[in-house]
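**Q** Build me a model from this:
(2 chains)
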Amino acid sequence: MEHDKYKELMRSMEKKKAPQDFREQLDMRLAKGKGTWFPMPLKIATAAATLVLMLVVYQNLKPEEKEVLKPKAGFEKMETVEKKPAAPKVAEKAEEKARRRAAIAPKPTPEKLAAPAVPKSIFREELAAEIAMDDDLSSVMGAGAKLSIITSLEATSEAEVK
Amino acid sequence: MSEANKNPNFDELVVEYQDKIYNLCYRFMGNHHDANDCAQDTFVKAFKSLKTFRGDAAISTWLYRIAVNTCKNKLSSLAYRFRKLTVAPVEIKDDSQSPEVQFEKDEKGRLIQKAIDSLPNDHKTVVVLRDVEELSYEEIAKVTGYNIGTVKSKLARARGRLREKLEGQV
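**A** Purely as a prediction, here's the structure:
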């Protein structure tokens, strides 16, 4: 389409006129607008009151801290899977810490070290004697089984003494 | 005495510009109902801020600027877009001419309006202000806030699109 034809076409467009009651409608709007005028301080006060109300509601409905910290079901597994192996520095630090603890820990006194430990063989012999004297055991587990336990205990203690 | 009459300047403003503003709004919105609504809004806004008008620009430019912004806001509002989808606009017809002439004129006008409606808002603004309202490039630049070069390039692209759309139809 040529520019002249386009121009002609646009000029041929009808010039729309405002409706006859345009002015009355406008006056009505302006009058209505004045009736619903809301002063600025009141607007600010309303906004502040709304904000306070929202804060109060939020404080009341806010979930407790424990609940928030508690991991949800299903996430524990993910966390363990995502855990990376401890860095070498961390392992070194742990070793050093253990060494320090060992150094600080109270050493056994010389008296304790000097006291002779009770030999295990004596303990076994005593146990064998007790089993032999207990008549109830033979009725529960049988005389054969009781005898075999006693002989094995005595044999072990003898071997230890040797 | 009405609210508007208290300010004689405003009174003169409405008498002088109501048709121009209405026509501009009509070309923007494409129907009587929305055009009337936007034109009314334009004058209400002008009434409210007339005291703060500094007179840096011509009052007509200032009014056009308010009208263009009002129309753009309305076009992009959710309520308008929803209504456009659901309700068909009702047009007021002028019965002063013979039915054939009136039909032909209506049809041509409808096609041009449809082509204008399909343009993006910035193109629509410049084409309506230049080709319908016949404002100068400087005035359009003041109304829209674009540079004169931008106005010219947008106008060229808008006209190109309009010609493409109207080709073979009118």
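**Q** domain assignment for chain B?
**A** Segmentation of chain B into domains, based on automatic domain parsing, reads B:1-92, B:96-170.
**Q** For those, give me a markdown table that also has mean pLDDT and distance to chain A.
**A** C-beta coordinates here come from the backbone N, C-alpha and C atoms, glycine included. Output for the domains of chain B, formatted as a markdown table (pLDDT from 0 to 100; distance: least, Cβ to the nearest Cβ, whole Å):
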| stretch | mean pLDDT | distance to chain A |
| --- | --- | --- |
| domain B:1-92 | 82 | 4 |
| domain B:96-170 | 86 | 4 |
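**Q** can you put these in CSV and add mean neighbour count and distance to A:Thr151?
**A** Below are these laid out as CSV (neighbours: other Cβ atoms under 10 Å in any protein chain shown; distance: least, Cβ to Cβ, whole Å):
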stretch, mean neighbour count, distance to A:Thr151
domain B:1-92, 17, 98
domain B:96-170, 16, 107
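**Q** Let's have these in CSV, adding distance to A:Ala143.
**A** Converted to CSV, the domains of chain B look like this (distance: least, Cβ to Cβ, whole Å):
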stretch, distance to A:Ala143
domain B:1-92, 99
domain B:96-170, 109
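**Q** so which of the ones you listed gets nearest A:Ala128?
**A** Ranking the domains of chain B by distance to A:Ala128, with Cβ to Cβ as the measure, places domain B:1-92 first at 96.3 Å.
**Q** and stretch B:111-127, how far apart are its ends?
**A** Its first and final residues considered, stretch B:111-127 spans 15 Å by Cα to Cα, to the nearest Å.
**Q** Now find how far off-centre it is within its chain.
**A** 10 Å (Cα atoms, centre = their mean, to the nearest Å).
**Q** Could you verify my assumption that B:Val68 touches B:Val126?
**A** No. Using Cβ atoms under 8 Å as the test, B:Val68 is too far from B:Val126 to be in contact (10.1 Å).
**Q** shared neighbours, these two?
**A** B:Thr144 (Cβ atoms under 8 Å, 6 or more residues apart in numbering or on different chains).
**Q** which stretches of chain B form helices?
**A** Secondary structure of chain B, counting by DSSP state H: helices at B:8-29, B:32-49, B:59-76, B:78-86, B:99-117, B:121-127, B:137-144, B:148-166.
**Q** ok and the second one relative to helix B:8-29, angle-wise?
**A** When you say that, I think you mean helix B:32-49. Helix B:32-49 runs at 150 degrees relative to helix B:8-29, counting by axes from the mean of the first three to the mean of the last three Cα atoms, to 10 degrees.
**Q** what angle separates helix B:32-49 from helix B:59-76?
**A** Using the same axes, to 10 degrees: helix B:32-49 against helix B:59-76 is 130 degrees.
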